[in-house]
Each structure stands twice: as C-alpha cells, then as structure tokens.
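Trainee: Pasting the sequence and the predicted model now:
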Amino acid sequence: MTVKATGARAEVLFPLISLVLDALSIIASFGFSYWIRFFSPLTSVIPVSLGIPTLKEYLIFSMVAAVIFCTVFAVRGLYRLHGRVSTLDELERVMKAILLSLPWLFSVAFFYRGFSYSRLVFVLIVINSLWILTTERAFIQSLQRKLYRRGVGVLQAAVCGSGTLAVQIHDRINGNPHLGYRSLGFITANPPKPHLQPILGSASDIDEILRQQHLDMLFIALDPAERSALNEIIARCEGINLEFFLAPDQVILEGKAQPFTIAGLPLLKIKESPLFGWRGVIKRAFDLIIASIFLVVLSPFLLLLALSVKLTSRGPLFYHQERIGLDGKIFNMHKFRTMIPNAEAGTGPVWASKTDNRTTKVGKILRRLSLDELPQLYNVLVGDMSVVGPRPERPHFVKQFRQTVPKYVERHRVRSGVTGWAQVSGFRGDTSIEERTRYDLYYVENWSLAFDLKILILTIKEVLFSKDAY
C-alpha cells in the first residue's frame, strides 16, 4: 500500500532531516576533534604547548562551518531524494564536498583575527567529519529505503509507451521499491499489445489519466512507431504539475550525453575521448605511481611466487600472450605460467574452466587468488596497460566478439587494465560477455580518479573473498 499523502511532503521532509543531521554531524566533528587534540591520549604524543583554548570558540566556528558545508552539499546535489547510493559512493561524494568546502572554511578562519585556531584540529575535523557524515548519511538512506518499502513518501508514476524500453522502465521501478517510485501502469500511443499490463488508457486521454491517478511523474518511452505522437502527448500535459522523464534513443542512451553549444546552436555531445588532455596525464601518472609502489613493495613476494612456479613444474616462468589494447593495438601481456607448457597445442584458443586439467597445482592457487596477473604491472610501467580498465582479450576472441557483441570494440578507447569494473562487479572468467562489455563501457564513459580508487579497493576484496576466479 502506498501512502500517497506523504509523497510531496517527503520531498521536503527527508532533505530537511538530512540537512539538520549534517549540520549536527559537522558540529559534533568539531567538538570531537577539539577533545582529541587537547584532552585525549594524543596530547602525550603531540604536547599542547600554547595552552588549551575554550571550547566555545570552536563551537561558534562549527556553526559557521555547518552553513558552509551544508550549502556546498546542496549545490553538489547531496540532498536529492530517490537515489540509491552505496556507502562507498557516499564516502566519495562526501569527500568531494568536504574538499570543496575547505577553501571557504579556511578563508573565514583566516579573516577572523580575534582567535587563532589549531591547524591540527582542522586536520582532525576533516578526518572526523568524513566518517561521521558518511555514517550519518548511510543511516538516513537506510531509513529512507525502509520507509519507501512500506509505501511512505513514494512518488506515483506512469510509463507512456508500449515497447521493450517502456516495459523495462516499469519493471525496474516496481522491482526496486527502495528507490521511492511506483509505476501504476502504461499509457499507450498505439493499440495495446496483449502482454502489456496494467494499462491506464491511451495517449489521447493522457491529461485526464494524469489528473485521475494523481501522478507525480511521467516516463515517456516511445517505440519508433509511436514517436509521431510525442508532440501531442507533451501538448496534452501542459498545465499539469508533474515531472517528465524522456527515455532517449538508444544511441544517446548508451553514450554520455552532454549539452553542448557551437555558434549558438544547442547540441548533445554523446561521445568524447574519455582521457583527453589532462585527464589522460592524471590517469597515466596514477598508473606509474601505483605500479611502481606495488612492484617495490611486492618484490620479495614476487620472487617467492616465481620460485614456486619454477620449482613445481617444468617449463618457462612467464606466459606471454598477445592481447588487444588501446586503439585495437596488439601487445604481449605477461603472466606467471599456471598451465602445462603448450597447453593449447591440441585445442587452439579456448576459455579456461574451473576443472581445467591443464592447470598446475601451484597454478590453481595463483589463478584462484589472481596472483598470476601481477607481472602485468610491468605492462603498466611500459604503457601497454593501465592499473584499472577493461580486461584485454585475445585477438581470436576479439574477432568473434566484435561481430556478436554490440559496441564491444568501444572498450579499446582506453588502455586495458590489470583489474576492471566488470571484474569487481562479479563478471570474471567464463561469464556473460554482453554483461561484461556493458560494465566496461560504463567505466569508459564515467572514468574518474576516485572511480579507479574504488575499483582498486573492491579488487582487494574480490581477491580475498571471491570464488569465481580460476
């Protein structure tokens, strides 16, 4: 059951509660940081040499900071409802908002000459506000999802269309009640198809349907044969207070559409070089730093792995294999050998499997923990690969996939990675190529340094706990 009366109120109430708790969390982070610096055991490590200031000055300043932080949070869209964000994503969003708030905070502290604030307290405030705010916001989101599942604050919607995309939108909305939406049914522009249920009516009566159902939003997802009715649908909805969402054409849907203007002409940019200019420089610098650190820190462990491979089976230490990388160029990818020599002599290129009898005893352990991939850090150093990116595939399989998997070669717009978004999302080994490609393309279109760090953290989790590698 949906509690309709609270839908519009929730749009005000939930953000207001979140804003108040954010402000209290910021004030709490000031007080906690003050205690750590001046009264906790930290004072025995870093003594207080200039005396202990009063808490009052820090609390007053914390209220100014709360206004600054909450304003930046609002500008960054952190008070928008009806979006599911993981705790790790929320940590990233809060971190970015805090970093953007700091210059304003420091400016106020600098121009206020009546009191000198401890620099160490400011460092502690950044650290404490990050985890306190993330914890508080994760709690708020958990509470919102529980209320949405019970129908509290849910927004009523309908889907205008009768094709595959319309059905997909309807099913996704109703299959995820924690997001705070509910689709009541379909409004059709053409004679309805037999499988389409429930039908609220036709597009010719859309204005009456919207009023009778008291809808908050309308999703327009028209088939090519229905698009001629778009202008009429929009015209009939004039004067009705609700939100419109237009499902774009497939080519725009799969890209990352951005508004763009040339000589005053409004355009949509649906494709761009993902790592053009400084983005590419930052990505490459990140790769060199991470690969160098890992190679230095892991060098004794790499030597131990090399000895275990060499002493337990005959054959070369490394396995070199041609893969397709950036711009479709072929390079040699390096791995610790995990199979018997000439494993594909009688079969040709084939996928490995969990019960593959070509794998050596040590090789099974290396593949299970993905340790055989560590020599690819050298590929990263020489520029063949990146630390994070779509996993490179062999030319034999690329030739097949480019014919059967839509947009598969779009993966080659960035350097291949030692680990990737698809792999940490559960698509490792002999899994769906279509799904894996979809995740890879999402990474290509949405790259950021924070995204790479997130994937690295999730990779460690996958290596330690996943049972899918072989």
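Mentor: Yes, it's here.

Trainee: Can you give me the end-to-end span of stretch 184-201?
Mentor: By CA to CA, to the nearest Å, the extent of stretch 184-201 from end to end equals 11 Å.

Trainee: Please apply the same query to stretch 79-93.
Mentor: Across stretch 79-93, the terminal residues are separated by 11 Å (CA to CA).

Trainee: from here on, count from 2
Mentor: Fine by me, first position is 2 from now on; the one you just mentioned is stretch 80-94.

Trainee: so what's Arg212 up against?
Mentor: Arg212 is in contact with Ile241, counting by CB atoms under 8 Å, 6 or more residues apart in numbering. From N, CA and C alone the C-beta is placed, and that goes for glycine too.

Trainee: And it, which helix or strand is it part of?
Mentor: helix 207-214 (DSSP states H and E).

Trainee: just checking, what packs against the helix or strand that that helix is followed by?
Mentor: Counting by DSSP H and E, the next helix or strand C-terminal to helix 207-214 is strand 218-221. Contacts defined by 3 or more CB pairs under 8 Å, 6 or more residues apart in numbering; DSSP states H and E place strand 218-221 against strand 156-161, helix 165-176, strand 182-189, strand 244-247.

Trainee: do that again at 6 Å, thanks
Mentor: Under the contact criterion of 3 or more CB pairs under 6 Å, 6 or more residues apart in numbering; DSSP states H and E, strand 218-221 touches strand 156-161, strand 244-247.

Trainee: hmm, who's touching the shortest one?
Mentor: Residues external to strand 244-247 that are found in contact with it (CB atoms under 6 Å, 6 or more residues apart in numbering): Met218, Leu219, Phe220, Ile221.

Trainee: quick one: it to chain centroid distance?
Mentor: Averaging C-alpha positions (CA atoms, centre = their mean, to the nearest Å) puts strand 244-247 24 Å from its chain's average.

Trainee: Run me through the strand neighbours of it, direction for each.
Mentor: Strand 244-247 pairs in its sheet with strand 218-221 (parallel), by DSSP bridges.

Trainee: Among the contacts of strand 244-247, the buried ones, what's the ChimeraX command?
Mentor: The buried subset of the contacts of strand 244-247, as determined by 16 or more other CB atoms under 10 Å, is captured in ChimeraX by this line:
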select :218,219,220,221
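
Trainee: Packing partners of the lengthiest helix in the chain?
Mentor: With secondary structure taken from DSSP state H, the chain has its longest helix at helix 279-313. For helix 279-313, the contact count by 3+ CB pairs under 6 Å, 6+ apart identifies helix 362-369, helix 377-383, strand 386-389 as packing neighbours.

Trainee: Gly329 reaches His413, doesn't it?
Mentor: Yes - judged on CB atoms under 6 Å, Gly329 makes contact with His413 at a distance of 5.0 Å.

Trainee: Show me where the stretch 352-471 of the chain has its helices.
Mentor: 362-369, 377-383, 396-405, 422-425, 434-446, 450-466 (DSSP state H, counting those that start in this stretch).

Trainee: quick one on the thing from earlier: packed most tightly, which of the helices and strands packed on strand 218-221 would that be?
Mentor: Mean neighbours per residue, mean count of other CB atoms under 10 Å, is largest over the helices and strands packed on strand 218-221 for strand 156-161, with a mean of 24.

Trainee: pLDDT (mean, whole number) over it?
Mentor: Averaging pLDDT along strand 156-161 gives 87.

Trainee: That one - contacts with which helices or strands?
Mentor: Packing contacts for strand 156-161, counted by 3+ CB pairs under 6 Å, 6+ apart, involve helix 165-176, strand 182-189, strand 218-221.

Trainee: could I have that strand exported to PDB, CA atoms only?
Mentor: The C-alpha coordinates for strand 156-161 follow below in PDB (Å, rounded to 0.1, in the frame of the first residue of the first chain):
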ATOM      1  CA  LEU A 156       6.000   9.000  -5.800                       C
ATOM      2  CA  GLN A 157       3.400   7.800  -8.200                       C
ATOM      3  CA  ALA A 158       4.400   7.400 -11.900                       C
ATOM      4  CA  ALA A 159       3.200   6.000 -15.200                       C
ATOM      5  CA  VAL A 160       5.000   4.900 -18.300                       C
ATOM      6  CA  CYS A 161       3.900   6.300 -21.700                       C
END
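
Trainee: Can you tell me the strand partners of it and which way each runs?
Mentor: Strand 156-161 is paired, per DSSP bridges, with strand 182-189 (parallel), strand 218-221 (parallel).

Trainee: Give me the contacts around the shortest one.
Mentor: By CB under 6 Å, 6+ apart, the residues outside strand 218-221 that reach it are Leu156, Ala158, Ala159, Val160, Cys161, Ile170, Leu243, Glu244, Phe245, Phe246, Leu247.

Trainee: moving C-terminal of that strand, what's the next helix or strand?
Mentor: Next along the chain after strand 218-221, taking DSSP H and E as the criterion, comes helix 231-237.

Trainee: Just the CA trace of that next one, in CSV.
Mentor: In CSV, the C-alpha atoms belonging to helix 231-237 read as follows (Å, rounded to 0.1, in the frame of the first residue of the first chain):
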residue,chain,number,x,y,z
LEU,A,231,5.3,12.8,-28.8
ASN,A,232,4.3,16.4,-29.6
GLU,A,233,0.6,15.7,-28.9
ILE,A,234,1.4,13.9,-25.6
ILE,A,235,3.5,16.9,-24.4
ALA,A,236,0.8,19.4,-25.5
ARG,A,237,-1.9,17.5,-23.7
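
Trainee: Could you list every helix and strand that that helix packs against?
Mentor: Secondary-structure packing of helix 231-237 (3+ CB pairs under 6 Å, 6+ apart): helix 207-214.

Trainee: shaky segments in this structure?
Mentor: Residues of the chain that meet the criterion pLDDT under 70 lie in 2-12, 82-87, 113-117, 193-195, 249-259, 261-266, 269-274, 344-357, 430-431, 466-471.

Trainee: coming back round to it: right, and the strands paired with strand 156-161 - which one's nearest Phe337?
Mentor: Set against Phe337 and scored by CB to CB, the strands paired with strand 156-161 come closest in strand 182-189, at 48.7 Å.

Trainee: The closest one relative to helix 165-176, how many degrees between them?
Mentor: Relative orientation of strand 182-189 and helix 165-176, computed by axes from the mean of the first three to the mean of the last three CA atoms, to 10 degrees: 150 degrees.

Trainee: Name the surrounding residues that touch strand 182-189.
Mentor: Residues outside strand 182-189 that contact it (CB under 6 Å, 6+ apart): 3, 155-161, 163, 171, 174-175, 197, 199-204, 207, 210, 214.

Trainee: can you do 8 Å?
Mentor: By CB under 8 Å, 6+ apart, the surrounding residues in contact with strand 182-189 are 3, 83, 152, 155-163, 167, 170-171, 174-175, 193, 197-204, 207, 210, 214, 216, 218-220.

Trainee: And for stretch 454-469?
Mentor: Stretch 454-469 is contacted by residues 89-90, 93, 291, 370-371, 388-389, 420-422, 424-425, 427, 429-430, 432, 444, 470 when judged by CB under 8 Å, 6+ apart.
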